[in-house]
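In: Quick one, fold the following:
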Amino acid sequence: MTEEPPRGIRHDATGVHGLHRLEDGRTVRVVVTEQQLGPSSEPTLRDLSEALMTVYGTDFGVHSPTWISRFTDMTRQAAAYRAGRVLLAGDSAHVHYPAGGQGLSLGVQDAVNLGWKLAQVVNGTSPESLLDTYQDERHPVAARALQHTMAQGVLQRPDERIRALVDLVSELAIMDEPRKRLAGIISGLDIHYDLGEGHPLLGRRMPDLDLVTTDGPLRVFTLLHDAKPVMLNLGEPGGFDITPWADRVQLIDAEYVGLWELPVIGAVTAPTALLIRPDGYVAWVGEGTDTGLRNALTTWFGTP
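Out: Down below sits the predicted model:
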């Protein structure tokens, strides 16, 4: 822009607008709401200029755009993420208003949830029915996120009654518990796959703990870099025998000294062992026994 634009967010009868100069000192990020829903064609510099003129009375001498896109608050989700050999992930499975920037997280987690399952089926490690868990786990997560983005979209409408609702929600959002819950939803750290009753860790994302092993310190997430499941024994070394699955599951004896705390949930009792899927979610929790371990190993990582 040849003129210095006003920085920050502006709300008016049309909607939300914003301008922000980037660190290079030259480029300006622009978000401007059009008076009417734009055509489905790619937006042009003229479209952007006219939209700026309508809102600000000037286009600030905008020129040399690096990227222009047009989006709406359209919300859609595929009824099924799998049809035979066709599997949907990311924007092909769900689309929504970009409030909170949740689209990237949703798409990446779709891919990570599906990737290892698809690999095991292709390699013959697991039956094809394992792919059905992709729909079971990821469809509800996206449906909830879409509800949240629709609510955020409504809160941005320029209406006196909506402003009253925004004020009320704002009061709630400064309280600890509502703030934690909202942050968990937006970040995806509150996701809980229904893997049955049991320890609060079951079906949730494994925390990235600093472990102590005979080979030295080790962080949990480094164990997942090879996209292989991990059996983490935090009790007596050698307390679990997973020999039939030794070719596909890493067995790590380790210690952890510290508080076990989960996003949104808070502090939880320390487990003695965990079975962690390649996507970082806990498939089984041991609390002094190996009850249910063989069933979990078979369910997620095939028959030995």
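
In: can we go C-alpha only for contacts and neighbour counts from here?
Out: Fine.

In: list the contacts for Gly101?
Out: Applying C-alpha atoms under 8 Å, 6 or more residues apart in numbering, we find Gly101 in contact with Ile186.

In: Doesn't it belong to a helix?
Out: Yes: judged by DSSP: H, G, I helix; E, B strand; the rest coil, Gly101 forms part of a helix.

In: any idea how far it lies from Ser187?
Out: Going from Gly101 to Ser187 by C-alpha to C-alpha, to the nearest Å gives 9 Å.

In: a strand runs through Trp284, doesn't it?
Out: Yes: Trp284: assigned to a strand according to three-state DSSP.

In: Specify the residue ranges that define each domain of the chain.
Out: Domain assignment for the chain by automatic domain parsing gives 8-56, 76-187, 210-301.

In: where do the strands sit along the stretch 101-250 of the chain?
Out: Listed in chain order, the strands found in the stretch 101-250 of the chain under DSSP state E, counting those that start in this stretch are 210-213, 216-219, 230-233, 250-253.

In: For the first one, which helices and strands make contact with it?
Out: Put plainly, it is strand 210-213. Under the contact definition 3 or more C-alpha pairs under 8 Å, 6 or more residues apart in numbering; DSSP states H and E, strand 210-213 sits against strand 216-219.

In: in the strand it packs on, what's buried?
Out: Leu218 (16 or more other C-alpha atoms under 10 Å).

In: and Glu287, what does it touch?
Out: With contact taken as C-alpha under 8 Å, 6+ apart, Glu287 is in contact with Pro271, Thr272, Ala273.

In: who's Glu255 bridged to?
Out: Glu255 forms beta bridges with Val212, as assigned by DSSP bridges.

In: so who does it touch?
Out: Leu211, Val212, Thr213, Leu234, Gly235 are the contacts of Glu255 under C-alpha under 8 Å, 6+ apart.

In: Give me the pLDDT value at the third one.
Out: Spelled out, that is Thr213. On the pLDDT scale, Thr213 is placed at 91.

In: so it makes contact with Tyr256?
Out: No: Thr213 lies out of contact with Tyr256 (C-alpha atoms under 8 Å); the separation is 9.1 Å.

In: And for Gly281, the neighbour number?
Out: Just so we're on the same page, residue 281 is Tyr rather than Gly. Tyr281 has 21 neighbouring residues, counting by other C-alpha atoms under 10 Å.

In: Tell me which residues touch it, please.
Out: Leu202, Gly203, Arg204, Arg205, Met206.

In: Including distance to Ile191 and pLDDT, could these go into a markdown table?
Out: Listed next are those as a markdown table, based on distance: C-alpha to C-alpha, whole Å; pLDDT from 0 to 100:
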| residue | distance to Ile191 | pLDDT |
| --- | --- | --- |
| Leu202 | 11 | 97 |
| Gly203 | 8 | 97 |
| Arg204 | 6 | 97 |
| Arg205 | 7 | 96 |
| Met206 | 11 | 96 |
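
In: quick check, nearest of these to Gly8?
Out: Arg205 (35.8 Å; C-alpha to C-alpha).

In: Distance check, the closest one against Trp300.
Out: 16 Å.

In: Neighbour count for the two, which is higher?
Out: Using other C-alpha under 10 Å as the criterion, Arg205 and Trp300 rank with Arg205 on top: 22 against 18.

In: Would you quantify the distance from the more buried one to Leu293?
Out: Distance of Arg205 to Leu293, given as C-alpha to C-alpha: 18 Å.

In: Which pLDDT value goes with the nearest residue to Thr214 once chain neighbours are set aside?
Out: Spatial nearest neighbour of Thr214, chain neighbours left out: Ala254 (7.6 Å); criterion: C-alpha to C-alpha, 6 or more residues apart in numbering. Predicted confidence (pLDDT) at Ala254: the value is 95.

In: Return the residues in contact with Ala254.
Out: Ala254 sits next to Leu211, Val212, Thr213, Thr214, Leu232, Asn233, Leu234, Gly235, Pro237 when contact means C-alpha under 8 Å, 6+ apart.
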